[in-house]
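Peer 1: Okay, sequence plus prediction incoming.
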Amino acid sequence: MLDLELLKTLVCVVEEGSFTRGAERVHRTQSTVSQQILKLEERVGHPLLQRDRSGKQALPTQQGELLAQYARRLLAMAQEAEDALATTGSQPALRLGVPEDFDARRMAAILAGFSAEHPALRLDTVSGMSTDLQRRLGAGEIDLALMKREPGSGDCIAAWPESLVWAAGAGWALDAGPVPLVLFPAGCIYRLRAVRTLDKAGRPWRQAFGSQSLTGIQAAVAAGLGISVLPRTALLKEHRVLGRAAGFEALPPSELALVAGGQPLGRPLQHLADYLVAQLGPRRRAARQAT
């Protein structure tokens with residue numbers, strides 16, 4: 001069994017690149033930190049850090065970087081368990097899933113506004129692709145989710161239509177080769193719109209850039225790496241819309257839907273749902289899920 005204290009020391013040294021600065025973060029002496037790393041190396045049977053002659057600087061070996069990645073996850077889970085136990089008997093957290101391909105600044109402002117209005121309610125937010133959020137909602141891991149999806153594809157609390165366009169950089173020009181696409185991961189509706197539309201038209205394409213982040217997709221399009229399908233609300237001033245004149249057909253809309261899990265919404269979750277509906281603006285009429 002790996003010792004969490006030793007793993008924390010490893011992470012601090014790796015992140016700081018120094019035994020001295022790593023020791024300061026864990027409030028230990030440099031010699032104690034060195035002994036902890038040696039103990040951990042003996043436990044896993046691999047050297048984890050490359051030391052310079054002074055012994056103060058340190059870079060992770062391949063095994064050290066791999067273990068540090070696992071250590072961060074283990075430490076986060078341990079902290080989550082402590083937090084959960086500390087709140088036992090108090091108001092449970094409201095678990096909300098939000099899509100990776102949503103304007104992060106706008107979503108952060110909405111969530112901050114809810115927390116300011118309801119300081120007694122604890123909000124836990126996770127982000128991911130809509131397909132992952134749907135799975136987590138079905139598994140009971142989250143209570144509510146905002147998801148990008150095909151219009152009308154299931155019950156929801158509310159839904160907002162999204163107008164989709166082909167987005168390109170200001171100076172981008174199509175050459176004779178396959179259409180270069182800037183794409184979200186598989187399962188994203190924007191990716192599906194782009195790929196299906198080009199396949200239906202018999203136009204060859206290639207993935208020029210991929211990212212889970214809306215910011216990354218926007219930047220890649222603005223830089224001219226390729227074109228992408230984006231909602232109009234996500235267009236930047238560095239973008240331009242490609243239409244029929246450029247050889248790109250109009251795209252059917254998608255929707256952003258607020259969906260609840262199978263359990264009835266209690267009053268705190270209803271407060272959250274109502275707040276999201278109010279903040280996200282005018283919506284199409286949707287069949288309300290049973291609550």
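Peer 2: Alright, I've got the coordinates. Numbering: from 1, shown residues only.

Peer 1: could you pull out the strands for the protein?
Peer 2: For the chain, strands defined by DSSP state E occupy the ranges 49-51, 58-60, 94-99, 123-128, 144-149, 158-162, 164-169, 179-183, 205-210, 228-231, 239-242, 254-260.

Peer 1: Show me the protein divided up by domain.
Peer 2: As recorded under automatic domain parsing, the domains making up the chain are 4-86, 94-161+255-280, 164-252.

Peer 1: highest average neighbour count across the strands of the chain?
Peer 2: strand 228-231 (a mean of 26; mean count of other C-beta atoms under 10 Å). (C-beta placed from N, C-alpha, C; glycine too.)

Peer 1: what separates that strand from the chain centre, distance-wise?
Peer 2: Counting by C-alpha atoms, centre = their mean, to the nearest Å, strand 228-231 is centred 18 Å from the centre of its parent chain.

Peer 1: same deal with stretch 217-224?
Peer 2: 18 Å.

Peer 1: still on that earlier bit, closest to Pro268 out of the strands of the chain?
Peer 2: When the strands of the chain are compared by C-beta to C-beta, strand 94-99 sits nearest Pro268, at 5.8 Å.

Peer 1: Neighbouring strands - and their directions - for the closest one?
Peer 2: strand 123-128 (parallel), strand 144-149 (parallel) (DSSP bridges).

Peer 1: can these go into a markdown table with extra columns for mean pLDDT?
Peer 2: Conversion of these to a markdown table gives the following (pLDDT from 0 to 100):
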| stretch | mean pLDDT |
| --- | --- |
| strand 123-128 | 89 |
| strand 144-149 | 92 |
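
Peer 1: I figured Trp172 hits Ala222, correct?
Peer 2: No: in this structure Trp172 lies outside contact range of Ala222 using C-beta atoms under 8 Å: 9.4 Å.

Peer 1: Ala108: neighbour count?
Peer 2: 12 (other C-beta atoms under 10 Å).

Peer 1: any idea how far Asp52 is from it?
Peer 2: 41 Å (C-beta to C-beta, to the nearest Å).

Peer 1: Equivalent analysis for Leu137, please.
Peer 2: 49 Å.

Peer 1: re the thing from before, now tabulate the strands of the chain in a markdown table and tack on distance to Gly266.
Peer 2: Output for the strands of the chain, formatted as a markdown table (distance: least, C-beta to C-beta, whole Å):
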| stretch | distance to Gly266 |
| --- | --- |
| strand 49-51 | 49 |
| strand 58-60 | 46 |
| strand 94-99 | 9 |
| strand 123-128 | 14 |
| strand 144-149 | 12 |
| strand 158-162 | 18 |
| strand 164-169 | 35 |
| strand 179-183 | 39 |
| strand 205-210 | 39 |
| strand 228-231 | 32 |
| strand 239-242 | 42 |
| strand 254-260 | 11 |
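
Peer 1: mind checking which of the ones you listed is nearest Leu272?
Peer 2: Among those, the nearest to Leu272 by C-beta to C-beta is strand 94-99 (5.2 Å).

Peer 1: of the strands of the chain, which approaches Glu117 most closely?
Peer 2: The nearest among these, by C-beta to C-beta, is strand 123-128 at 11.1 Å.

Peer 1: Please tell me how far the closest one is from the chain's geometric centre.
Peer 2: On C-alpha atoms, centre = their mean, the centre of strand 123-128 falls 9 Å from that of its chain.

Peer 1: May I have it as CSV, with CA atoms only?
Peer 2: What follows is strand 123-128, C-alpha atoms only, in CSV (Å, rounded to 0.1, in the frame of the first residue of the first chain):
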residue,chain,number,x,y,z
LEU,A,123,-22.3,23.2,-5.2
ASP,A,124,-20.0,20.5,-6.7
THR,A,125,-19.5,21.0,-10.4
VAL,A,126,-17.8,18.6,-12.9
SER,A,127,-17.2,19.2,-16.5
GLY,A,128,-16.9,16.7,-19.4
